[in-house]
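> Here is a sequence with its predicted model. Questions after.
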Amino acid sequence: QYSFKEVFGTLVVQKELFDVVAKPLVEDLIRGKNGLLFTYGVTGSGKTHTMTGSPGDGGLLPRCLDMIFNSIGPFQAKRFVFKLDDKNGVDVQSEVDALLERQRRDALPVPKTPSGKRHIDPEFADMINVQEHCKVEEVDEDNVYSVFVSYIEIYNNYIYDLLEEAPFEPIKPKWNNCNTPVRNGDFIPPQSKMLREDQNHNMYVTGCTEVEVKSTEEAFEVFWRGQKKRRIANTQLNRESSRSHSVFIIKLAQAPLDADGDNVLQEKEQITLSQLSLVDLAGSERTNRTKAEGNRLREAGNINQSLMTLRTCIEVLRENQLYGTNKMVPYRDSKLTHLFKNYFDGEGKVRMIVCVNPKAEDYEESLQVMRFAEMTQEVEVARPVDRPLCGLTPGRRFRNQAFREELARKLELRGGPLGGETEEQSVAEMLLQNFPPLPSCELLDIDDDQTLPKLIEALEQRHKTRQMLSEEFAKNVLAFKTMLQEFDSSVLSKEHYIQGKLSEKEKTIAGQRTELERLEKKIKTLEYKIDILEKTATIYEEDKRNLQQELESKSQKLQRQASDKRRLEARLQGMVAETTMKWEKECERRVAAKQLEMQNKLWVKDEKLKQLKAIVTEPRAEKPERPSRERDRERPLPRSVSPPPVPNAPPVRLRHRRSRSAGERWVDHKPPSNVPTETVMQPHVPHAITVATASEKALAKCDKYMLTHQELASDGEIETKLIKGDVFKTRGGGQAVQFTDIETLKQESPTGRKRRSSPSHPDPLGDGADSEWTDVETRCSVAVEMRAGSALGPGYQHHAQPK
């Protein structure tokens with residue numbers, strides 16, 4: 001829930017909204033105070049409609065203009081009496097200077113100000129046809145007023161003048177000799193304007209066009225001319241979405257009349273310049289809803305950034321007022337807030353209209369808008385403005401008019417009756433007044449001989465004068481007739497000359513029209529060619545983009561193939577190096593084994609030769625005893641026992657050992673590195689599965705396991721050990737081997753030299769047996785478990801640890 005000073009429903013009319021919101025601002029404008037009116041809301045919520053209106057129902061802007069001109073209509077100054085300078089000030093000039101300025105402006109080929117008598121554009125005629133004649137009740141009648149309007153937009157945080165005379169039409173390319181378009185060098189894009197601060201610390205736009213208007217129609221025509229240049233675009237949320245903040249500024253200059261009430265007081269200090277700014281903000285929008293891309297996305301970012309700066313400034317002002325802090329308000333972060341800095345500092349009254357669209361999709365954004373608008377009500381910025389005092393008698397305008405009307409009436413009365421007889425005397429009366437007066441014609445005596453002669457003399461003089469006047473009149477008539485004839489002849493000659501000139505001009509005009517038609521046809525043909533070339537260029541651009549994308553994809557593919565090739569080369573080099581090293585080791589091992597085998601053969605041959613030599617050379621002797629064998633028979637051989645189970649090894653279920661008559665099967669594990677021996681006795685196990693490496697499949701089929709292990713004894717002979725064990729199933733579903741016995745096969749010399757792998761003097765305490773067992777256990781007492789269902793090959797786990 002949010003609370004506001006006034007809430008209007010969906011069916012509210014424009015007049016009710018104007019009376020509550022904008023009418024007080026217009027009254028303050030005429031009284032010399034500044035005002036600012038915002039329309040704020042989500043995109044598509046009706047801000048532009050509220051400000052401009054619709055045909056037949058004008059919005060706030062045309063109603064404000066109508067109220068201003070209804071109030072100051074009879075008190076307006078003539079055009080150019082007030083003249084704005086380029087530093088946000090205003091000067092006043094006399095009636096004569098204003099007349100000269102008007103004549104100079106009228107002599108220009110294109111007048112700077114639109115004519116107020118021209119026909120109203122029917123496109124907006126209904127918007128300014130306001131039926132309710134609203135005006136301010138108390139207007140200072142001793143002042144003269146002039147209205148100036150300007151129209152700017154803030155687009156992408158740049159200020160543009162919408163009333164500037166620079167062309168806004170799109171660029172039409174020219175064509176050179178190579179039939180390729182070149183950029184139009186005559187086109188000048190609109191230049192952004194700068195913000196400046198005047199001597200009163202008020203912000204204004206430099207170089208902005210300000211037009212003096214004298215009626216509502218003329219002012220709205222200026223607004224409509226700028227409105228056509230405003231940037232709008234079609235988005236997902238609004239067909240004609242405003243892409244910029246528009247600011248329509250109405251400046252009212254007023255100055256008092258002099259003591260006589262006739263002319264404007266020529267004192268600049270007495271001029272009051274007030275301003276009313278009507279701002280149509282662009283709507284805040286979320287880009288994920290509008291699906292904006294490219295320029296639309298950048299515009300939306302700048303719009304949201306300027307609105308966020310406006311919120312930040314309001315929040316800082318509110319915080320400074322509530323808590324007495326003195327934080328700096330970031331006006332300069334946006335051109336919108338920087339332009340209206342003075343309003344937020346107290347140089348006028350600020351009103352905000354929050355437009356809300358009751359669509360469900362705008363719910364979250366509408367909440368943000370209303371939360372901000374509710375917070376702005378707590379900020380107080382207005383303060384009174386002191387107006388200059390002129391010290392002249394009030395009511396002097398009407399008193400001066402009444403005095404002049406009374407003076408004219410008195411003069412008419414003093415001059416006699418006003419009729420056609422007095423004003424228009426006949427020619428005969430004028431002639432009679434020029435004649436000499438007649439003498440008295442009264443005869444008092446019969447013998448009076450003086451009266452008649454005097455009368456005759458006077459009549460003769462009058463007759464002579466009449467004849468002279470008649471002759472002069474006849475001469476004048478003749479001269480006048482001659483002049484008329486000459487004038488008629490000159491007029492006829494001039495008419496003939498003008499007709500000749502007109503016929504020539506008509507021929508010229510006809511030729512020019514023909515040329516224009518030809519040029520228009522040529523223009524149409526060229527435009528058609530331009531369209532075709534533009535389409536062709538578009539197709540070529542599309543093909544170019546496609547080819548570039550294809551080239552980029554192929555180059556990326558080649559780069560990936562090159563990187564894969566490099567990785568494969570590195571991998572192959574590693575494999576080659578590894579294989580080379582492996583085979584080198586294998587060759588070294590085989591060479592060493594072969595060398596060992598040859599050395600053993602040579603040693604055996606040497607021993608045989610020595611024995612043969614000894615048999616041949618030595619005499620036959622008695623057969624010596626073999627006490628050692630006897631002692632060995634007498635002393636029982638120590639039996640090696642199985643090592644105790646390792647505590648950490650997993651428990652193995654011991655199964656009942658079947659008898660040998662049941663037909664046990666063996667796994668004969670013969671590593672490929674074993675060297676074949678030339679002994680007569682060879683290990684042979686019937687029904688055995690011979691494998692090179694232990695496997696789960698072979699262990700699962702057999703009950704016994706035998707490992708053939710070879711090593712070099714201390715006397716240099718090869719000693720072969722058969723390590724035997726039982727195969728058990730484990731709880732994990734694999735196979736475990738428990739070694740139980742070791743058989744040793746080795747060669748010895750028939751002479752007294754015995755080649756044994758064990759020490760010649762065994763320890764009587766049995767250390768030799770323990771060490772021999774320990775040596776075998778260290779290498780062979782290992783359980784191998786194959787996990788059931790493993791696809792990665794056998795997994796080896798050590799179930800026993802060496803002692």
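It's in. On a predicted model such as this, the values are computed, not experimentally measured, just so you know. Residues are numbered from 1 along each chain as shown.

> Let me know the average pLDDT across the longest helix anywhere in the chain.
Longest helix in the chain, counting residues (DSSP state H): helix 451-617. Confidence for helix 451-617, expressed as mean pLDDT, is 91.

> any idea how far it is from the chain center?
Distance of helix 451-617 from the chain centroid (Cα atoms, centre = their mean, to the nearest Å) equals 25 Å.

> name the helices or strands packed onto whichever helix or strand residue 740 is part of?
Using DSSP states H and E, residue 740 falls within strand 735-745. In terms of contacts (3 or more Cβ pairs under 8 Å, 6 or more residues apart in numbering; DSSP states H and E), strand 735-745 is packed against helix 696-701, strand 718-729, helix 767-780. Quick note: C-beta positions are derived from backbone N, CA and C, even for glycine.

> Can you give me the neighbour number for residue 251?
Residues near residue 251, counting by other Cβ atoms under 10 Å, number 22.

> cool, residue 617 as well?
7.

> Show me the shaky parts of the stretch 201-350 of the chain.
231-242, 285-294, 296 (pLDDT under 70).

> sorry, back to before: ok, of the helices and strands packed on strand 735-745, where does mean pLDDT dip lowest?
Looking at the helices and strands packed on strand 735-745, the bottom one is helix 767-780 with a mean of 44.

> Break this structure into its domains for me.
Domain assignment for the chain, taken from the TED database, gives 15-109+119-167+190-291+342-377, 451-611, 666-670+685-743.

> Low-confidence ranges, the stretch 651-800 of the chain, go.
For the stretch 651-800 of the chain, the ranges with pLDDT under 70 are 651-663, 749-800.

> coming back round to it: what's the angle between the strand holding residue 740 and strand 718-729?
Interaxial angle, strand 735-745 versus strand 718-729 (axes from the mean of the first three to the mean of the last three Cα atoms, to 10 degrees): 160 degrees.

> Export the domains of the chain to JSON lines and append columns for distance to residue 299.
Listed next are the domains of the chain as JSON lines, based on distance: least, Cβ to Cβ, whole Å:
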{"stretch": "domain 15-109+119-167+190-291+342-377", "distance to residue 299": "5"}
{"stretch": "domain 451-611", "distance to residue 299": "24"}
{"stretch": "domain 666-670+685-743", "distance to residue 299": "69"}
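
> tell me which residues of whatever helix or strand residue 308 lives in are tucked away?
Element membership for residue 308 (DSSP H and E) is helix 295-323. Buried residues in helix 295-323, counted by 16 or more other Cβ atoms under 10 Å: 296, 299-300, 302-304, 306-307, 309-318.

> so which of the domains of the chain comes closest to residue 4?
domain 15-109+119-167+190-291+342-377 (6.7 Å; Cβ to Cβ).

> Quickly note the distance from the residue nearest the centre of the chain to residue 41.
Most central in the chain under Cα atoms, centre = their mean is residue 298, positioned 1.9 Å from the mean C-alpha point. According to Cβ to Cβ, to the nearest Å, residue 298 stands 22 Å off from residue 41.

> how about the residue of the chain most remote from its centre, secondary structure?
Residue farthest from the centre of the chain, counting by Cα atoms, centre = their mean, is residue 447 at 127.2 Å. Following DSSP: H, G, I helix; E, B strand; the rest coil, the label given to residue 447 is coil.

> likewise residue 748?
Residue 748, by the three-state scheme (three-state DSSP), is coil.

> Ok, which of the domains of the chain comes nearest residue 334?
Checked against Cβ to Cβ, the stretch from the domains of the chain lying closest is domain 15-109+119-167+190-291+342-377, at 6.5 Å.

> Distance from the chain centre to that closest one, please.
Using Cα atoms, centre = their mean, the offset of domain 15-109+119-167+190-291+342-377 from its chain centre is 29 Å.

> Likewise for stretch 688-707?
Relative to its chain's centre, stretch 688-707 lies at 75 Å (Cα atoms, centre = their mean).

> number of nearby residues for residue 258?
16.

> Which positions in stretch 207-215 come out as buried?
208, 209, 210, 211, 212, 213, 214, 215.

> Out of those residues, flag the one nearest to residue 738.
Residue 738 has its nearest neighbour among the buried residues of stretch 207-215 in residue 208, at 103.4 Å by Cβ to Cβ.

> Quick check: the closest one is in a strand.
No: the assignment for residue 208, made by three-state DSSP, is coil rather than a strand.

> now what about stretch 15-24, what contacts it?
6, 8, 37, 50, 60, 63-64, 67, 132, 134, 349, 351, 353 (Cβ atoms under 8 Å, 6 or more residues apart in numbering).

> ah, wrong one, I meant stretch 66-81
By Cβ under 8 Å, 6+ apart, stretch 66-81 touches 23, 26, 29-30, 58, 92-93, 95, 97-99, 101-102, 105, 113, 128, 130, 133-136, 139, 141, 143-147, 212, 214-216, 219, 250, 252, 255, 264.

> if we can go back for a sec, can you name every helix or strand that the next helix or strand after the helix holding residue 308 contacts?
Using DSSP H and E, the helix or strand that directly follows helix 295-323 along the chain is helix 335-339. The contact analysis (3+ Cβ pairs under 8 Å, 6+ apart) places helix 335-339 against strand 143-155, strand 158-161, strand 195-197, strand 203-205, helix 295-323.

> of all the ones you listed, which lies closest to residue 731?
The nearest among those, by Cβ to Cβ, is helix 295-323 at 66.4 Å.

> Give me the distance from the closest one to the chain's centre.
Taking mean C-alpha positions (Cα atoms, centre = their mean), helix 295-323 and its chain are 16 Å apart.

> Over to stretch 682-693?
On Cα atoms, centre = their mean, the centre of stretch 682-693 falls 82 Å from that of its chain.

> Output that stretch in PDB with nothing but the alpha carbons.
Only the C-alpha atoms of stretch 682-693 are listed here, as PDB (Å, rounded to 0.1, in the frame of the first residue of the first chain):
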ATOM      1  CA  GLN A 682      61.300 -81.400 -15.000                       C
ATOM      2  CA  PRO A 683      58.100 -80.400 -13.100                       C
ATOM      3  CA  HIS A 684      55.100 -82.100 -14.600                       C
ATOM      4  CA  VAL A 685      51.600 -81.600 -13.300                       C
ATOM      5  CA  PRO A 686      48.800 -83.600 -15.000                       C
ATOM      6  CA  HIS A 687      45.500 -81.800 -15.900                       C
ATOM      7  CA  ALA A 688      47.100 -78.400 -15.300                       C
ATOM      8  CA  ILE A 689      46.200 -75.100 -16.900                       C
ATOM      9  CA  THR A 690      49.400 -73.400 -17.900                       C
ATOM     10  CA  VAL A 691      49.200 -69.600 -17.800                       C
ATOM     11  CA  ALA A 692      51.800 -66.800 -18.200                       C
ATOM     12  CA  THR A 693      49.900 -64.400 -15.800                       C
END
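
> Identify each buried residue in that stretch, please.
Counting neighbours by 16+ other Cβ under 10 Å, stretch 682-693 gives 685, 688, 689, 691 as buried.

> The stretch 1-150 of the chain: helices as residue ranges?
Secondary structure of the stretch 1-150 of the chain (DSSP state H, counting those that start in this stretch): helices at 14-17, 23-30, 47-52, 60-72, 95-107.

> Only alpha carbons, please: show the shortest one as CSV.
Spelled out, that is helix 14-17. Taking Å, rounded to 0.1, in the frame of the first residue of the first chain, the C-alpha atoms of helix 14-17 are listed here in CSV:
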residue,chain,number,x,y,z
GLN,A,14,-7.7,15.5,-18.7
LYS,A,15,-9.4,18.6,-17.3
GLU,A,16,-9.6,17.2,-13.8
LEU,A,17,-6.0,16.1,-13.9
